[in-house]
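1. With the input below, show me the fold.
(2 chains)
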Amino acid sequence: MAKARVKVPKSVKKGEVFQVKTLISHKMETGLRKNKKTGKMIPRMIINKFVCNYGGKDVFVSDWQAGIAANPYMAFFVKAGDSGPMNFTWTDDDGDITKKTVNIKVSG
Amino acid sequence: MRIKTQGILFVAAVAVGLSGFAGFASAQMKYKAGDRRSGYTYATKETQAIQDDDLGNPAFLWLDEGEVLWNKVDGKAGKSCATCHGVESAMLSDVATRYPAYNPDLGKLQSLEQRINRERKEMMGAKPYKWESKQMLSLTIYMKNQSRGKPMNVSIDGPVVPFFAAGKAFYEKKRGQLDMSCANCHNDNAGNMIRANLLTEGQSNGFPTYRLKWQKPGSIHRRFRGCNKQVRAKPYAYGSDEYVNLELYVAWKGRGLSVETPAIRN
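-> Okay, the predicted model is just below:
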């Protein structure tokens, strides 16, 4: 399973738009490269789906393609609703799923 | 050779948020010392932005792994690095500024990688890490990162003098089919283009550096080997005396520059 890092503000105000930053370790093999020794193509092995779930809704969903660099970084903005967990899911071509959860503290 | 797209996936407006999030204020970093400039000053704005933000910096994935390794018990003696040295010890706080350092037992210079493997063998009874392995890169990034912001300050006095001279001679000696020395590019032409690449002064203050082309971090010796191959010379082995001496000379060339480990370069 890949390793992931996520950063969100320590606390946010209700209704505030805040930034979420994520980074995950993955080789993101494009499927377009050849093994220099054997001459065979190296099969594609990328993360193809990233989902952020917050407050019971998928607030950010993205499909990834080959051409995204290794160890992909993704940043996006979310509007603060209620305090609670924010779940992140990365799915790769093998079906391996990496999950990470952070808590969002909403004040006021 | 096929190079994967070097861009990191940026979502619109990410730059707006960077200032508020920057983990390590770049204000306390010294990217220039005297007439010496860090490779950071030659990098594009986009590359600098990745380095300025600890969460966007993919080398921190290795750094996290290094912290685990520092505390992990390994080998027959049942010890970890932290058993003797503690966590975030004072010893580590300047380690990147003073290596490679002279080791009187060996009678020669020792790079941090060699020091780690010696300690693993003699103190921990553990198997040495391979030079460019994930473990070695992770641990060196973790250790050197703790000196981040401190000025490079290797010792070149006393017993080190002959090794420093050997490193300087290596740097200035022409080699390979192209008959080029390190100095030809990095002293004479820093800031100029060599075909599609911008030459820098070849400073070592950010190593192990995450190179976007490599899509992973690499040691300074990997960089030396790459340079040697590019002038069509036969590269030396990882950890060879020639490269350790050269590492010292290059570190001295960058004296006063802040340690940036882990830096981002293109």
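2. Please list the residues of the stretch 51-200 of chain B that sit near chain A.
-> Taking CB under 8 Å from any CB of the partner chain as the criterion, the neighbours of chain A within the stretch 51-200 of chain B are B:Asp53, B:Leu55, B:Gly56, B:Pro58, B:Phe60, B:Leu61, B:Asp64, B:Glu65. For glycine as for every other residue, the C-beta is placed from the backbone atoms N, C-alpha and C.
3. quick check, the fifth one in a strand?
-> Yep, that's B:Phe60 we're talking about. No. With the criterion set as DSSP: H, G, I helix; E, B strand; the rest coil, the secondary structure at B:Phe60 is helix rather than a strand.
4. can you pull the contacts of it?
-> With contacts defined as CB atoms under 8 Å, 6 or more residues apart in numbering or on different chains, the neighbours of B:Phe60 are A:Arg5, A:Leu23, B:Asp54, B:Pro262.
5. Equivalent analysis for the fourth one, please.
-> Contacts for B:Pro58 (CB under 8 Å, 6+ apart) come out as A:Leu23, A:Ser25, A:Ala70, A:Asn71, A:Tyr73, B:Ile8, B:Ile50, B:Tyr210.
6. among those residues, which two are most distant?
-> Between any two of the contacts of B:Pro58, the greatest separation by CB to CB is 15.1 Å, found for A:Ser25 and B:Ile50.
7. mind listing which of the contacts of B:Pro58 are in helices?
-> B:Ile50 (DSSP state H).
8. Now rank the contacts of B:Pro58 by neighbours and give me the top one.
-> Of all the contacts of B:Pro58, B:Tyr210 has the most neighbours under the rule other CB atoms under 10 Å in any protein chain shown, reaching 26 neighbours.
9. roughly how far apart are the closest residue to B:Thr41 other than its chain neighbours and chain A?
-> With sequence-adjacent residues excluded and distances taken as CB to CB, 6 or more residues apart in numbering or on different chains, B:Thr41 is closest to B:Tyr31, at 5.1 Å. Remark: distance between B:Tyr31 and chain A (CB to the nearest CB, to the nearest Å) = 23 Å.
10. wait, doesn't A:Ser11 sit right on A:Ser107?
-> Yes. Between A:Ser11 and A:Ser107 there is a contact at 5.3 Å, judged by CB atoms under 8 Å.
11. who has more neighbours, the two?
-> More neighbours sit around A:Ser11 than around the other of A:Ser11 and A:Ser107, counting by other CB under 10 Å; the figures are 14 against 10.
12. dump the residue contacts of the more buried one.
-> Contacts of A:Ser11 were listed using CB under 8 Å, 6+ apart, and they are A:Lys105, A:Val106, A:Ser107.
13. The last one touches A:Glu16, doesn't it?
-> Right, the one you point to is A:Ser107. No. Under the criterion of CB under 8 Å, A:Ser107 makes no contact with A:Glu16, lying 9.6 Å away.
14. Relative to A:Ala69, how far out is B:Ser204?
-> Shown here: B:Ser204 relative to A:Ala69, a distance of 24 Å by CB to CB, to the nearest Å.
15. between these two, who's got more neighbours?
-> For B:Ser204 and A:Ala69, the more surrounded residue by other CB under 10 Å is B:Ser204, and the numbers stand at 27 against 18.
16. May I have the secondary structure class of the more buried one?
-> coil.
17. Spatially nearest residue to it (excluding sequence neighbours)?
-> Distances taken as CB to CB, 6+ apart place B:Val250 nearest to B:Ser204, at 4.6 Å, with adjacent residues excluded.
18. now A:Val12
-> Leaving aside its sequence neighbours, A:Val12 sits nearest to A:Ala80 (CB to CB, 6+ apart; 4.4 Å).
19. show me what contacts the one you found?
-> Applying CB under 8 Å, 6+ apart, we find A:Ala80 in contact with A:Val12, A:Lys13, A:Lys14, A:Gly15, A:Glu16, A:Val17, A:Phe18, A:Ile104, A:Val106.
20. Check the burial of the fifth one by counting its neighbours.
-> By other CB under 10 Å, the residues close to A:Glu16 number 14.
21. just the last one next, same as before
-> Number of residues near A:Val106 (other CB under 10 Å) recorded here: 17.
22. Equivalent analysis for the first one, please.
-> Other residues near A:Val12 number 20, with proximity taken as other CB under 10 Å.
23. That one and A:Gln19 touch, don't they?
-> No. With contacts counted by CB under 8 Å, A:Val12 stays clear of A:Gln19, the gap being 10.0 Å.
24. next one: phi and psi at the residue nearest the centre of chain A?
-> To find the centre residue of chain A, average its C-alpha atoms and take the closest one (CA atoms, centre = their mean): that gives A:Phe50, at 4.7 Å. Dihedral angles of A:Phe50 (phi, psi; degrees, to the nearest 10) stand at phi -130, psi 130.
25. what's near enough to touch the nearest residue to it once chain neighbours are set aside?
-> Spatial nearest neighbour of A:Phe50, chain neighbours left out: A:Ser62 (5.0 Å); criterion: CB to CB, 6+ apart. A:Ser62 makes contact with A:Lys49, A:Phe50, A:Met74 under the criterion CB under 8 Å, 6+ apart.
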